[in-house]
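> Generate coordinates for the sequence data below:
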Amino acid sequence: MKTHRVLAVGIVLAGMLLMLQTPQRVLAQEPPPQDQAQPPEQQGPAQDPPGRVARLSFSDGSVSFQPGGEGDWVQAVPNRPLTTGDNIWADKDSRAELQAGSASIRLDSETSVTFLDIDDHTTQLKLSQGSIIVRVRHLDDDDQFEIDTPNLAFQIQRTGEYRVDVSADGNETDTTVWRGRGEATGGGNSYDVVAGQRASFTGSDQLDHEIGQVPSNDDFDNFAFDRDQREDHAESSNYVSPDMTGASDLDEYGHWSYAAGYGPVWAPTVVAAGWAPYRYGHWVWVAPWGWTWVEDEPWGFAPFHYGRWAFVGASWCWVPGPVYARPVYAPALVAFVGGGGFSFGVGIGAGVAWFPLAPSEVFVPWYRTSPGYVNNVNVTNTRVSVTQVTNVYNTTIINNNTTNVTRITYANQHVANAVTAVSHDTFVNARPVAANIARVDPKQLESAPVARNIPAQPSRASVMGAGRPSTARPSPAVMNRQVVAVRQPPPPRAPLGQGHVAEPNVRTEAPGQAQPAARTASEPARAAQPPVRPTPPPAVQNNQVAHTQASSPANNRPAAPPNVPHPPAQGGHPLVRPAPPVQENAQHQQNEQTKFNAWQQQHQAAAPKPAPRPQPRAPQPSGHEEKR
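This is a model prediction of the structure:
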């Protein structure tokens with residue numbers, strides 16, 4: 001009898017312990033739709049997607065875009081999110097502007113730029129040919145901004161304005177610093193480039209380095225400085241984080257006002273009749289987020305990837321998130337309808353419908369994330385408590401309870417004309433939504449349950465987007481030109497057709513037992529582990545650098561397809577070669593000191609001195625201290 005009592009007490013204690021441990025388990029998810037299902041051995045925790053992307057904010061002339069891993073080029077479409085592996089080409093007599101957080105990147109005529117890597121703290125560009133001007137307004141201590149050219153890697157060390165020019169044959173790189181400080185590494189040496197200097201580098205295995213004064217502004221310089229002035233005087237900087245991509249466009253196309261219950265809100269000045277958020281644009285597939293919204297309006301980036309939309313009075317207004325937080329990018333802050341066995345026919349095949357999320361409503365991603373990511377993407381984009389996020393996440397992900405999902409009252413689902421529906425073909429083929437809206441009974445849409453998984457697999461058209469095929473592109477010699485890098489970027493992304501499948505939000509792991517991570521077209525199987533940020537290269541000390549490759553899961557991704565001609569890979573990316581270690585050389589140091597002293601004397605004696613660059617308005621508090 002005593003034994004039975006002890007056994008019963010043990011069972012009760014074990015049950016209580018199990019209940020205490022349950023919230024700490026990795027969360028489980030409902031099975032994906034049949035066309036998105038993955039083999040059991042591919043289920044497991046996954047690395048979170050980056051919280052930052054770039055976008056094409058301006059173009060003049062012929063600007064072309066090539067998605068990472070794809071072979072064809074299309075005309076660049078404004079507001080298309082740009083991420084690791086994507087390529088941009090500004091053709092002859094053309095220019096472009098890219099924005100990534102608080103940084104602006106301007107491309108001059110016949111310039112080829114590739115995003116080797118871009119995430120929350122890293123921007124790494126491959127400049128194979130041409131000229132770029134970079135303006136960096138904010139740097140945290142762990143932020144890295146690196147421009148890799150055929151003979152050197154240029155690392156930006158302070159906020160400021162920089163220009164990098166690469167000759168057509170790739171044998172010369174010129175770096176100009178108006179304000180700030182950078183370091184050029186290549187040929188076994190490193191060189192500081194300070195404000196007021198133009199440094200020219202020729203050669204490859206051994207660099208020839210010359211220092212000169214900053215030349216007079218040319219047309220490209222004036223273009224970039226005019227764009228800077230536009231950003232510096234943007235009223236929107238009072239209401240949004242300085243790290244919000246695309247916010248500088250809001251002033252020109254709308255106005256700010258105060259709405260009770262929401263605070264400062266922004267509304268577009270002119271919109272089409274029947275306009276609603278997430279209607280005048282198209283859907284594309286951008287890895288690793290998957291389905292991503294691209295808005296047509298020139299101002300249509302920030303309001304569709306950050307914050308929330310509210311219907312106030314008789315019109316829509318955009319409610320930004322907290323100004324003090326660096327916002328986490330989201331592919332589209334919407335809720336899809338039609339899950340839970342509900343379906344509606346629109347034209348040919350099943351349809352896809354969605355509506356914008358309202359302030360304080362929780363965004364549950366349809367792509368791979370961790371619970372921490374879900375918290376961050378919500379609390380940085382709307383005023384919502386972590387408890388509220390956890391409750392919705394637990395209901396929709398852990399408990400797989402579709403019935404409870406429908407009990408959440410989504411404000412915009414019941415606003416007249418707020419839900420947009422299109423056919424499956426329109427959705428997956430990047431066709432304009434406004435021109436292909438499906439007619440569905442509004443009451444049916446209002447009563448439809450909310451779905452997390454999108455019943456659509458991407459096609460090649462989904463990846464290429466709405467841009468028309470373009471013959472304007474860099475030559476194969478320019479595209480396949482190797483560059484020097486201090487930081488080793490991840491290998492190229494594989495094309496869509498090579499084993500790529502849509503990734504559901506998988507959260508399956510046995511208690512106390514690590515599961516193999518899910519594999520995708522860009523990631524082979526690896527042991528389950530928390531996300532690992534690439535280790536930054538060691539700082540230069542006494543002019544010596546030990547250049548080692550970063551330890552990161554991304555370095556284990558497969559290289560580009562074998563049918564694409566590339567130079568031999570030297571670890572990681574086939575078009576990137578690690579900068580050779582910096583060697584101590586007394587004669588070299590003496591020569592560089594002599595050059596610097598000569599430049600300094602000329603700089604101080606120059607008359608008249610060049611007009612100083614106008615200083616930007618001090619940024620509003622953002623919760624981040626600028627790196628000095």
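
> In stretch 198-213, which residues are buried?
By neighbour count on 16 or more other CB atoms under 10 Å, the buried set for stretch 198-213 is Arg198, Ala199, Ser200, Phe201, Thr202, Ser204, Leu207, His209, Ile211, Gly212. Yep, even glycine has a C-beta here, placed from its N, CA and C like the rest.

> cool, and stretch 124-133?
Gln124, Leu125, Lys126, Leu127, Ser128, Gln129, Gly130, Ser131, Ile132, Ile133.

> cool, stretch 423-443 as well?
By 16+ other CB under 10 Å, the buried positions in stretch 423-443 come out as 423-431, 433-434, 436-438, 440.

> Also stretch 464-478?
Those would be Met464, Gly465, Ala466, Gly467, Ser470, Ala472, Arg473, Pro474, Val478, for stretch 464-478 by 16+ other CB under 10 Å.

> Could you single out the nearest of these to Asp192?
Distance to Asp192 across the buried residues of stretch 464-478 (CB to CB) is lowest for Val478, with 28.9 Å.

> Let me see the backbone angles for that closest one.
Main-chain torsions, Val478, degrees, to the nearest 10: phi -70, psi -40.

> residues touching it, list them.
Residues in contact with Val478 (CB atoms under 8 Å, 6 or more residues apart in numbering) are Ser112, Ser128, Gln129, Gly170.

> Return the residues in contact with Val113.
Asn87, Ile88, Trp89, Leu98, Ile105, Leu107, Leu125, Lys126, Leu127, Ser128, Gly130, Ile132.

> what's the neighbour count on Val193?
23 (other CB atoms under 10 Å).

> Can you report phi and psi for it?
According to degrees, to the nearest 10, Val193 has phi -120, psi 120.

> residue boundaries of the strands in the stretch 301-450 of the chain?
Here the stretch 301-450 of the chain has its strands, by DSSP state E, counting those that start in this stretch, at 308-312, 315-319, 334-337, 351-356, 420-423, 450-451.

> So which of these is nearest Val74?
Going by CB to CB, the one of those nearest Val74 is strand 420-423, 21.3 Å.

> now that closest one: how far from the chain's centre is it?
27 Å (CA atoms, centre = their mean, to the nearest Å).

> same check, this time on stretch 153-165
20 Å.

> which residues touch Asp93?
Gly61, Ser109.

> where does Trp256 land on pLDDT?
The confidence metric pLDDT takes the value 96 at Trp256.

> Just give me the neighbour total for it.
Trp256: 17 neighbours (other CB under 10 Å).

> which parts of the helix or strand containing Asp251 are buried?
Assigned by DSSP states H and E, Asp251 belongs to helix 250-253. For helix 250-253, the neighbour count (16+ other CB under 10 Å) marks Leu250, Asp251, Tyr253 as buried.

> got a list of contacts for that helix?
With CB under 8 Å, 6+ apart as the test, helix 250-253 has contacts from Ala234, Glu235, Ser236, Trp266, Pro268, Thr269, Val270, Glu297, Pro298, Trp299, Ala302, Pro303.

> I'd like the next helix or strand past that helix.
Going down the chain from helix 250-253, the next helix or strand is strand 254-259, by DSSP H and E.

> Residues in contact with that next one: which ones?
Counting by CB under 8 Å, 6+ apart, 235-236, 239, 264-269, 299, 310, 312, 317, 319 sit against strand 254-259.

> please redo it, this time with the cut-off set to 7 Å
Glu235, Tyr239, Pro264, Val265, Trp266, Ala267, Pro268, Thr269, Trp299, Val312, Cys317 (CB atoms under 7 Å, 6 or more residues apart in numbering).

> which residues does the fourth one bridge with?
Just to be clear, that refers to Val265. In this entry, Val265 is beta-bridged to Ser257, by DSSP bridges.

> Using CSV, write out every CA atom in the longest strand seen in the chain.
Longest strand in the chain, counting residues (DSSP state E): strand 122-136. The C-alpha trace of strand 122-136 is given here as CSV (Å, rounded to 0.1, in the frame of the first residue of the first chain):
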residue,chain,number,x,y,z
THR,A,122,25.7,43.8,-42.1
THR,A,123,25.7,45.5,-45.5
GLN,A,124,28.3,44.0,-47.8
LEU,A,125,28.4,45.1,-51.5
LYS,A,126,30.3,43.8,-54.5
LEU,A,127,31.2,46.7,-56.8
SER,A,128,32.6,45.1,-59.9
GLN,A,129,32.6,48.2,-62.1
GLY,A,130,31.4,51.8,-62.0
SER,A,131,30.8,54.4,-59.2
ILE,A,132,28.7,54.5,-56.1
ILE,A,133,28.2,57.1,-53.4
VAL,A,134,27.2,55.8,-50.0
ARG,A,135,25.7,57.9,-47.2
VAL,A,136,25.6,56.2,-43.8
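
> Output the contacting helices and strands for it.
Packing partners of strand 122-136 (3 or more CB pairs under 7 Å, 6 or more residues apart in numbering; DSSP states H and E): strand 103-107, strand 111-118, strand 144-148, strand 160-166, helix 219-232, helix 476-479.

> Out of the buried residues of stretch 464-478, name the ones that lie in helices.
Counted as lying in helices by DSSP state H, out of these, are Met464, Val478.

> May I see the buried residues of stretch 464-478 arranged in TSV, with distance to Leu575 and pLDDT as well?
Shown next, in TSV, are the buried residues of stretch 464-478 (distance: CB to CB, whole Å; pLDDT from 0 to 100):
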residue	distance to Leu575	pLDDT
Met464	22	96
Gly465	24	95
Ala466	28	95
Gly467	23	95
Ser470	21	96
Ala472	21	96
Arg473	16	96
Pro474	12	96
Val478	11	96
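
> so which of the buried residues of stretch 464-478 comes closest to Asp174?
Nearest member of these to Asp174, counting by CB to CB, is Val478, at 17.5 Å.

> For Ile156, which non-adjacent residue is closest in space?
In this structure, Ile156 finds its nearest non-sequential neighbour in Phe145, 4.1 Å apart by CB to CB, 6 or more residues apart in numbering.

> before we move on, the earlier item: for the contacts of helix 250-253, which entry has the maximal number of neighbours?
Using other CB under 10 Å as the neighbour criterion, Pro303 leads the contacts of helix 250-253 with 29 neighbours.

> Just list whatever residues bridge to the closest residue to that residue other than its chain neighbours.
Leaving aside its chain neighbours, Pro303 sits nearest to Trp318 (4.2 Å; criterion: CB to CB, 6+ apart). Here Trp318 sits in beta bridges with Trp266, Trp309, going by DSSP bridges.

> residues contacting Trp318?
Shown in contact with Trp318 (CB under 7 Å, 6+ apart): Val265, Trp266, Pro303, Gly307, Trp309.

> okay, the residues you listed in TSV with pLDDT next?
Converted to TSV, the contacts of Trp318 look like this (pLDDT from 0 to 100):
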residue	pLDDT
Val265	97
Trp266	97
Pro303	98
Gly307	97
Trp309	98
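
> just those residues now: which is nearest Ala494?
So of the contacts of Trp318, ranked by how close each gets to Ala494 (CB to CB), first place is Pro303, at 32.6 Å.

> Could I get the average pLDDT for stretch 98-118?
For stretch 98-118, mean pLDDT is 97.

> Run through the protein and note the low-pLDDT ranges.
For the chain, the stretches with pLDDT under 70 are 1-46, 339-349, 396-407, 497-571, 607-628.

> Can you show me the helices along it?
2-21, 219-232, 250-253, 302-305, 371-379, 386-393, 402-407, 424-428, 442-447, 460-464, 476-479, 586-605.

> Pick the most deeply packed of these.
helix 302-305 (a mean of 26; mean count of other CB atoms under 10 Å).

> Contacts made by that helix with the rest, please.
Met244, Thr245, Gly246, Ala247, Leu250, Tyr278, Trp293, Glu295, Trp318, Tyr329, Ala330, Ala332.

> what about the second one, neighbour count?
Close neighbours of Thr245, defined as other CB under 10 Å, add up to 24.

> Arg326 is in contact with that one, correct?
No - Thr245 lies out of contact with Arg326 (CB atoms under 7 Å); the separation is 10.9 Å.

> Please identify every residue contacting each of these two.
Going by CB under 7 Å, 6+ apart, no residue sits against Thr245 while also sitting against Arg326.
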